[in-house]
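Chemist: need coordinates for the following:
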Amino acid sequence: MKLKKYLPLHFYLSFIKPKKMAYIINDSCIACGSCIDECPVEAITEGDIYKIDPETCTDCGSCADACPTEAIHPA
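Modeler: Sure thing, here's the model as predicted:
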C-alpha cells in the first residue's frame, strides 16, 4: 500500500490573497465629482463623501490623480 504525500495546509493558503481596498476617500472629500469622471471602471459612488467599491476598484490611481483636495490615497 502506497502512502500519499500531502503538503501542509499553510502551503496551500499562501496562494490565497484576500482582496483589500486599493484606495480610500477621507474626510477631505468635497464631493466635486472629478474622481467619478476619471474612474475607468465606475467604482466610485456619490454621497456626502464619495465611496470606492473595493470589489470593483482596479488600483489604477486615476481617481487619486484627479482629486483636487488629495482626499484619495492608497489604503
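
Chemist: residue ranges with poor pLDDT in the protein?
Modeler: 1-4, 10-21 (pLDDT under 70).

Chemist: which residues sit against whatever helix or strand residue 36 lives in?
Modeler: Taking DSSP states H and E as the definition, one finds residue 36 inside helix 34-38. Outside helix 34-38, the residues within contact range by CB atoms under 8 Å, 6 or more residues apart in numbering are 25, 42, 44, 46, 50, 62-68, 72. (Each C-beta comes from the backbone N, C-alpha and C, glycine too.)

Chemist: could these go into a markdown table alongside distance to residue 34 and secondary structure?
Modeler: A markdown table is the format used below for the contacts of helix 34-38 (distance: CB to CB, whole Å; DSSP: H, G, I helix; E, B strand; the rest coil):
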| residue | distance to residue 34 | secondary structure |
| --- | --- | --- |
| 25 | 12 | strand |
| 42 | 14 | coil |
| 44 | 10 | strand |
| 46 | 12 | coil |
| 50 | 10 | coil |
| 62 | 10 | helix |
| 63 | 8 | helix |
| 64 | 11 | helix |
| 65 | 10 | helix |
| 66 | 5 | helix |
| 67 | 6 | coil |
| 68 | 6 | coil |
| 72 | 10 | strand |
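
Chemist: from the residues you listed, list the buried ones, please.
Modeler: 25, 44, 50, 62, 63, 64, 66, 67, 72 (16 or more other CB atoms under 10 Å).

Chemist: surely the third one is in contact with residue 44?
Modeler: Yes: in this structure residue 50 lies within contact range of residue 44 using CB atoms under 8 Å: 5.3 Å.

Chemist: next, show the common contact partners of these two.
Modeler: 25, 35, 36.

Chemist: any chance of these in CSV, plus distance to residue 58?
Modeler: Output for these, formatted as CSV (distance: CB to CB, whole Å):
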residue, distance to residue 58
25, 16
35, 14
36, 15
